[in-house]
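*Asks:* The sequence isn't on hand, but the structure is:
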């Protein structure tokens, strides 16, 4: 194999011509075309998302889905996204705007779109975008396909792109932006007209910003830092090597890209301070400047589970070992990608002449540490321990987006280094079974499988029926269990649910007079070995066989 | 709210002050000092004039520029100028700086119009230039205020026209809306060509008496802003509005206007602009004076809009009535309805309302008030009150007194000014059910009071807001009923010779700095029946009126008198009109002596009643409570005591010193026995669990029966439940209880087993040192408040206390100072282990459909296989 991957043994530039028409090493046609494999990846993604949905018969819910569902609904009934008063999402508007469009042209209700339609569309779009982005950055279709497969083994990525959150489009636009950046780099390297890609990149960046200003600001910061790192990289190379004319061209391109990024910064400013006032309100609502800056540059919006960060593992998972097991692919990716990155970085530093392909990958190499640094800073800023929940909901996903192609490159390199076919075969078999295992673990984690997780994200029909009965009978605030499980799911499927009336906690407040307790919730308390609040003194006013409602025994004439 | 209170206090203080002689002196001195005319173009006709006066300072100049060439030569300002087309430039202090420009003109209907221009950019100067044809004003293209009179400025009789509309387009401080956040106007409102407020003085039948003054904020503020948006003053009494003398030239510009009332009542004078002559800026437009003898005003957060149904809130209304019909400028009844919790513009009229119903029965010559009912409830306004072209969902003025007193209110207080007291334009503030002891006191924890009362009425709090009302101002007496709704009813007590509230639960009077009186209702009927004089140490003396006996106890002895006194000499509602006011006055004159007995002079009250007496000297009453058959008294007989009784069969003679219990059966007489100590008993077989099977994490009720075998009643005991774990005792739960002699009590505790197997439980009863004492209800509360007051500490704040309790919730209970009466009542129970939860239950979510589990496994396996296959196919290229 003479392909110019990062670890080619010869240290030679494989492709020195100006046209990278085919960067593949194959001397013959592949057995299965990449297109078919891409379709296979889409089927796989569809299977994953479908499983997550049917696991709970569609009765799932979580905070971001609830917030965005209500924001879309608010935009629909108020006929405005920016000035919606019923419900509003302050961090961005693309998702609501797209959803309103989809709702209008399909006639589907918001819940159907969120729970069924979007996961299906995501299963088609995201593999395509991921593949395109990775192919543009790596310059190798099969590594890109492998990276795409690995990406869909990453439970955190799966979770945020499955649920009804803006992240579905945010990460889609991010992948699109990476694809366009890769194309811009390639166009510069191969002296082609980059303007269409630059134009498209701006459009993509605007779409990304409008989907979530905070995430986009952190992405832009990462881009800027990566270009800065690239400049530093070339400065070091200049000290190591003498007379590197090819580097000069690359440095110039980097500077141009930095200007592009600065333009995006300007767009961000416009978004926050002129185009979408609710975002500015959020920005100014932070108690300290540090909080605001942290949100702006680290992209940390309010995350679910923050309040439980200290006891995240014990409250969310049955045990530490289970948590480590279901998260193992993430840790595996982090560790192995770091090794691959480190070796690759050193090699690129000391390699005298960089190939064109190296240069596009250099962008990937530069992005990796910036996302890693952001992640570390985010964790430090929140004073969350390394196993904290925020790590997964904030910057873990973008880091994975760049770590996984680096891991794929590493796997490809191992294949290249294993000269004996038998060894290759053994490695392939072992890796294939590992992929199968990781895919199951990813499904268990992304769905918060109740068998192993304490953080449940679903309700039963009986619980829903019980709550609806309570609503019909003008029940005031009602306690529904230890956490937001019921509140979030109910609020997705019934927009009229008044969130102030659905309360939760390990102890009902003294001013709560109604309690909804189901068999499922009781089971949950029992498994977590937490004593249920004592309801033996209260009046039971409803029972459907699996869920009951109690009314506190009146102690004054106004109760 | 605090700003509102401060504002109203200021208003009240000024209003309450005697008509200021000082101001009067100044008013009489204002006059025109000189008048000149100028022929600026030498055409023989004057085009300009100058009025010199001491309107603002010792010498002020007003330049009048004629714009229609119709200035009449004259040596008098009234004929040498006009208010039709002249432009007046006011130069306060005569320093050459124009501080206000007034452009007189007429509209298309011939109505008189005046437009004001003031300093807009804050430099104290109004940019302008006097030209040949008039005055060119470049300070702003927009006027700051426009005044339009229907017709001319004056009526034919020379009095000011009272049909005047004012539009204001400027930031203002005094506009009648700033009862919350006056600064908002400065931040939100600008001189921008769009009027921000409209004021209408209306004389509907043009009889020279203004009917109402309506104000409406036109500026669009945030709907959530609690800034006032509407207001109304109604001249029910038909008071004549005159041009105040200090409005020397034009009736709606009082040169010396101030925002306070200056002893005036509203509608005494015409509305006026307020001008800051130093900054050359209009400050606002007001109707001077506060309050009115007969009329009402509304301060509303919701706008009041002409010709459409409006929903005034906040103060809707402050109504004043001349019950005495003496036309002396002093109102005798004030009804204030406060609707604080409604959202702006909300038509929700069922929000909680607070009512202050204050009236003067004898103090009719001042702004002092004698009685007040304070209530809180949520009766809707189901009527429409029409004033001119305004329609408001509220109770009409005429119906309001009856509407208030006929309805039962959830929380009710009754306050009486026994002596002293301040004047106020807004009735009696003390003991407002919603806002506590004294809403206008800076340290009054209003928020805590509001929370306590509102949460009780919404069911979020079990206990009525008793803890809020722990003190009252000197000279005031307060009573309340919070436990259930009631109407406003009073009765006249033959014991105290005073009016009291029917159905009152409890009362507190602050006699002076030395004594206070707590009154209680022991038999829970409609009338108070026990009074306790307290000082800073506790109860000094007591007077009871129970079962046709008056019982007076103090440090010298115990006296009991059989009396034939009705609990009330008469019952009545508060007065609603002159007739009922006069009737009440007549009744009070009939029954109430000129020299009232001091409220804590129980001896005189006792002596005033006729009847046979049982007099015991050296016998101290330690406790008294009602029993189903009569009363139970605990007494201490001192050495050398005497007992003389005119009551047949009632006496205590020949008892050695010591404590005794008198069981007083009204049918069968006395049974006297020595007091034996309390003997509390608790047996293991007196403990019952609400669950048949005790299991880990399954909370269970533990019902414990406690018996008191002794003669001594026990108050404030605590039953504690411990779980024993080796040598360790873990406090599980505790409950406080009272138990009478020879009685049993069942106390419920909650236990959540945490460990399976045989568990040992121990029960303990703690008794406080003073467990035998049973002071009158809430005595401790009053003493604590008193001590805080003496120490200069702020009043008790239940909110802060609740936070403190929350902070210390996990702190173990300290029992060192308490006596442990019963210990080592130990029992052993068996606790089952935790039920094991089946894994299939989770796979199938509800444990009913195990097929779900199989399906899940098939789907997982399928997806894993697809992933495996894809990896195989992708990497196959590398292996071939």
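*Replies:* Nice, I can see it. Because the structure is predicted, anything quoted here is derived from the model rather than measured.
*Asks:* need the contact list for residue A:363.
*Replies:* Counting by Cβ atoms under 8 Å, 6 or more residues apart in numbering or on different chains, residue A:363 makes contact with A:137, A:181, A:182, A:185, A:226, A:230. All C-beta atoms are positioned from the backbone trio N, CA, C, and that covers glycine.
*Asks:* tell me the secondary structure for it?
*Replies:* helix (DSSP: H, G, I helix; E, B strand; the rest coil).
*Asks:* ok, now how distant is it from residue A:43?
*Replies:* Going from residue A:363 to residue A:43 by Cβ to Cβ, to the nearest Å gives 30 Å.
*Asks:* What residues sit buried inside stretch B:433-443?
*Replies:* B:433, B:434, B:435, B:436, B:437, B:438, B:439, B:440, B:441 (16 or more other Cβ atoms under 10 Å in any protein chain shown).
*Asks:* Next: stretch A:75-91.
*Replies:* Of the residues in stretch A:75-91, A:75, A:76, A:81, A:84, A:87, A:88, A:89, A:90, A:91 count as buried by neighbour count, 16+ other Cβ under 10 Å.
*Asks:* and the two most separated of the residues you listed?
*Replies:* Taking Cβ to Cβ as the measure, the buried residues of stretch A:75-91 span a maximum distance of 18.9 Å, between A:76 and A:91.
*Asks:* where's the residue in the stretch 651-800 of chain B that chain A sits nearest to relative to residue A:538, distance?
*Replies:* Closest to chain A within the stretch 651-800 of chain B is residue B:699: 3.8 Å, counting by Cβ to the nearest Cβ. Residue B:699 sits 12 Å away from residue A:538 when distances are taken as Cβ to Cβ.
*Asks:* Each with direction, which strands does the helix or strand hosting residue B:664 pair with?
*Replies:* Residue B:664 is part of strand B:658-665, with elements assigned from DSSP states H and E. Within its sheet, strand B:658-665 is paired with strand B:630-645 (antiparallel), strand B:669-674 (antiparallel), according to DSSP bridges.
*Asks:* buried set for the first one?
*Replies:* If I follow you right, that is strand B:630-645. Neighbour-count burial for strand B:630-645, counted by 16+ other Cβ under 10 Å, picks out B:630, B:631, B:632, B:633, B:634, B:635, B:636, B:637, B:641, B:643, B:645.
*Asks:* residue ranges of the strands in chain A, please?
*Replies:* A:478-479, A:502-503, A:514-518, A:539-543, A:547-551 (DSSP state E).
*Asks:* could I get the ones you listed as JSON lines with mean pLDDT?
*Replies:* Formatted as JSON lines, those follow (pLDDT from 0 to 100):
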{"stretch": "strand A:478-479", "mean pLDDT": "95"}
{"stretch": "strand A:502-503", "mean pLDDT": "92"}
{"stretch": "strand A:514-518", "mean pLDDT": "95"}
{"stretch": "strand A:539-543", "mean pLDDT": "95"}
{"stretch": "strand A:547-551", "mean pLDDT": "95"}
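*Asks:* Turn those strands into a markdown table, columns for distance to chain B and mean neighbour count.
*Replies:* Written out in a markdown table, the entries for the strands of chain A read as follows (distance: least, Cβ to the nearest Cβ, whole Å; neighbours: other Cβ atoms under 10 Å in any protein chain shown):
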| stretch | distance to chain B | mean neighbour count |
| --- | --- | --- |
| strand A:478-479 | 14 | 24 |
| strand A:502-503 | 12 | 20 |
| strand A:514-518 | 9 | 22 |
| strand A:539-543 | 14 | 13 |
| strand A:547-551 | 10 | 22 |
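*Asks:* Distance to residue A:398 added to those, as JSON lines?
*Replies:* Putting these into JSON lines (distance: least, Cβ to Cβ, whole Å) gives the following:
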{"stretch": "strand A:478-479", "distance to residue A:398": "38"}
{"stretch": "strand A:502-503", "distance to residue A:398": "33"}
{"stretch": "strand A:514-518", "distance to residue A:398": "38"}
{"stretch": "strand A:539-543", "distance to residue A:398": "46"}
{"stretch": "strand A:547-551", "distance to residue A:398": "40"}
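*Asks:* Show me where the chain dips below the pLDDT cut-off.
*Replies:* This is for chain A. A:1-31, A:243, A:280-312, A:379-395 (pLDDT under 70).
*Asks:* wrong chain, I was asking about chain B
*Replies:* By pLDDT under 70, the low-scoring segments of chain B are B:1-28, B:177-187, B:221-227, B:261, B:341-350, B:442-445, B:798-824, B:839-851, B:877-880.
*Asks:* Flag every buried residue along the longest helix anywhere in it.
*Replies:* The single longest helix within chain B, with elements called by DSSP state H, is helix B:851-879. Buried residues in helix B:851-879, defined by neighbour count with 16+ other Cβ under 10 Å: B:852-853, B:856, B:859-860, B:863-864, B:866-868, B:870-871, B:873-875, B:877-878.
*Asks:* So which bits of the stretch 651-800 of chain B are right by chain A?
*Replies:* Residues of the stretch 651-800 of chain B found near chain A (Cβ under 8 Å from any Cβ of the partner chain) are B:690, B:697, B:699, B:700, B:701, B:748, B:750, B:752, B:754.
*Asks:* name the element the last one belongs to?
*Replies:* Here residue B:754, judged by DSSP H and E, is contained in no helix and no strand.
*Asks:* Near chain B, which residues of the stretch 1-150 of chain A are found?
*Replies:* Residues of the stretch 1-150 of chain A lying near chain B by Cβ under 8 Å from any Cβ: A:26, A:30-32, A:37, A:40-41, A:43-44, A:47-48, A:51, A:54-57, A:142, A:145-146, A:149.
*Asks:* Pull out the buried members of those residues.
*Replies:* Among the residues of the stretch 1-150 of chain A next to chain B, those buried by neighbour count (16+ other Cβ under 10 Å) are A:30, A:37, A:40-41, A:43-44, A:47-48, A:51, A:55-56, A:142, A:145-146, A:149.
*Asks:* tell me which of those residues is nearest to residue A:519?
*Replies:* Ranked by distance to residue A:519 (Cβ to Cβ), those are led by residue A:56 at 16.2 Å.
*Asks:* Look up the closest residue to the closest one, ignoring the ones flanking it.
*Replies:* residue A:458 (3.6 Å; Cβ to Cβ, 6 or more residues apart in numbering or on different chains).
*Asks:* Just list the residues touching residue 176, thanks.
*Replies:* Answering for chain A, as no chain was given. Residue A:176 neighbours (Cβ under 8 Å, 6+ apart): A:129, A:132, A:133, A:204, A:207, A:208.
*Asks:* think we crossed wires, I meant chain B
*Replies:* Taking Cβ under 8 Å, 6+ apart, we find residue B:176 in contact with B:199, B:215, B:228, B:231, B:284, B:285, B:286, B:287, B:299.
*Asks:* is the fifth one in a bridge, and if so with what?
*Replies:* Following DSSP bridges, residue B:284 is listed with bridge partners residue B:174, residue B:274.
*Asks:* now it: how far from residue A:196?
*Replies:* Separation of residue B:284 from residue A:196 (Cβ to Cβ) stands at 63 Å.
*Asks:* Give me the more crowded residue out of the two.
*Replies:* residue B:284 (26 against 13; other Cβ atoms under 10 Å in any protein chain shown).
*Asks:* Tell me how far that one lies from residue B:216.
*Replies:* Going from residue B:284 to residue B:216 by Cβ to Cβ gives 15 Å.
*Asks:* Quick check: which element contains the closest residue to residue B:536 other than its chain neighbours?
*Replies:* Closest residue to residue B:536 apart from its sequence neighbours, by Cβ to Cβ, 6+ apart: residue B:786 at 5.9 Å. If you go by DSSP H and E, residue B:786 is part of helix B:779-790.
*Asks:* next one: that helix to chain centre, how far?
*Replies:* 21 Å (Cα atoms, centre = their mean, to the nearest Å).
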